[in-house]
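Enquirer: just coords:
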């Protein structure tokens, strides 16, 4: 039986630092390499050829999707939901941010226990770089089996929602693509992330 149509009024969010986002346009980005002898990893905005996809697998150097990393470096908020984001990837996250970190909020939900020591090291760096910044938050939740309902991987930079076919950041050698360009609050992802965070944090205490 269908639910009756909604007859109430939708709540309009007040404009905040997060909602005051420039207009976004969804797009699909492929991790690829340049078509030359150097085989330098680069982003592609159309599907790579079979040869380039295979060549990237053989020549991969942990580069990932530069469009995402450029956005992460400039962000004040970075949220990551990726149950496979392990300690090595947290280390790469620290390297990619490269002390250009103006982050006041970094939160990671992962299922990999070895991510925690690496994250705590990253948190020390962030806190040192942002000593005078009020209301900063750097934290991690290690999800247990109760998070097995989660599958896809997501990230938020400022208020832009990203969806990953594989690891957040495109940090893998297999053919992978990233979509971006959604308002994370308008798509209800911030609420979902916060509720998931609270429930998983409560369960893992």
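Expert: Sure, I can see it. Predicted, not measured: the structure shown is a model, and the values here were computed from it. Residues are numbered from 1 along each chain as shown.
Enquirer: which residue ranges form the helices in the chain?
Expert: Shown for the chain, the helices assigned by DSSP state H span residues 50-59, 66-74, 87-97, 115-129, 189-204.
Enquirer: nearest to residue 169, of the ones you listed?
Expert: Checking the helices of the chain against residue 169 by C-beta to C-beta gives helix 66-74 as the closest, at 5.6 Å. Using the backbone N, CA and C atoms, a C-beta is placed for each residue, glycine as well.
Enquirer: picking up where we left off before, save the helices of the chain as TSV, and put in mean pLDDT too.
Expert: As requested, these are exported to TSV (pLDDT from 0 to 100):
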stretch	mean pLDDT
helix 50-59	87
helix 66-74	93
helix 87-97	92
helix 115-129	93
helix 189-204	88
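Enquirer: how about the residue nearest the centre of the chain, what does it touch?
Expert: In the chain, the centroid-proximal residue (C-alpha atoms, centre = their mean) is residue 155; its distance is 2.5 Å. Residues in contact with residue 155 (C-beta atoms under 8 Å, 6 or more residues apart in numbering) are 68, 72, 78, 79, 80, 81, 82, 161, 162, 164, 168, 169.
Enquirer: Filter the residues you listed down to just the ones in strands.
Expert: Counting by DSSP state E, the members of those that fall within strands are 78, 79, 80, 81, 161, 162, 164.
Enquirer: Among these, which one sits closest to residue 114?
Expert: Nearest to residue 114, judged by C-beta to C-beta, of the ones in strands among the contacts of residue 155 is residue 80 at 15.5 Å.
Enquirer: for that closest one, what are its contacts?
Expert: 107, 108, 109, 110, 154, 155, 168.
Enquirer: now swap in residue 48 and tell me
Expert: Residue 48 touches 30, 32, 33, 56, 175, counting by C-beta under 8 Å, 6+ apart.
Enquirer: count of neighbours near the residue nearest to the second one when sequence neighbours are not counted?
Expert: Leaving out its chain neighbours, the residue that sits closest to residue 32 by C-beta to C-beta, 6 or more residues apart in numbering is residue 44, at 3.7 Å. Other residues near residue 44 come to 20 when the count uses other C-beta atoms under 10 Å.
Enquirer: List the beta-bridge partners for residue 44.
Expert: Beta bridges link residue 44 to residue 30, judged by DSSP bridges.
Enquirer: what sits against it?
Expert: Residue 44 makes contact with 29, 30, 31, 32, 52, according to C-beta under 8 Å, 6+ apart.
Enquirer: and which of the contacts of residue 80 is nearest residue 187?
Expert: residue 154 (10.3 Å).
Enquirer: what's across from the closest one in the sheet?
Expert: Beta-bridge partners, per DSSP bridges, of residue 154: residue 81, residue 163.
Enquirer: re the thing from before, redo the ones in strands among the contacts of residue 155 as TSV? Include pLDDT and distance to residue 117.
Expert: Shown next, in TSV, are these (pLDDT from 0 to 100; distance: C-beta to C-beta, whole Å):
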residue	pLDDT	distance to residue 117
78	96	19
79	98	21
80	98	17
81	97	20
161	98	29
162	98	26
164	96	24
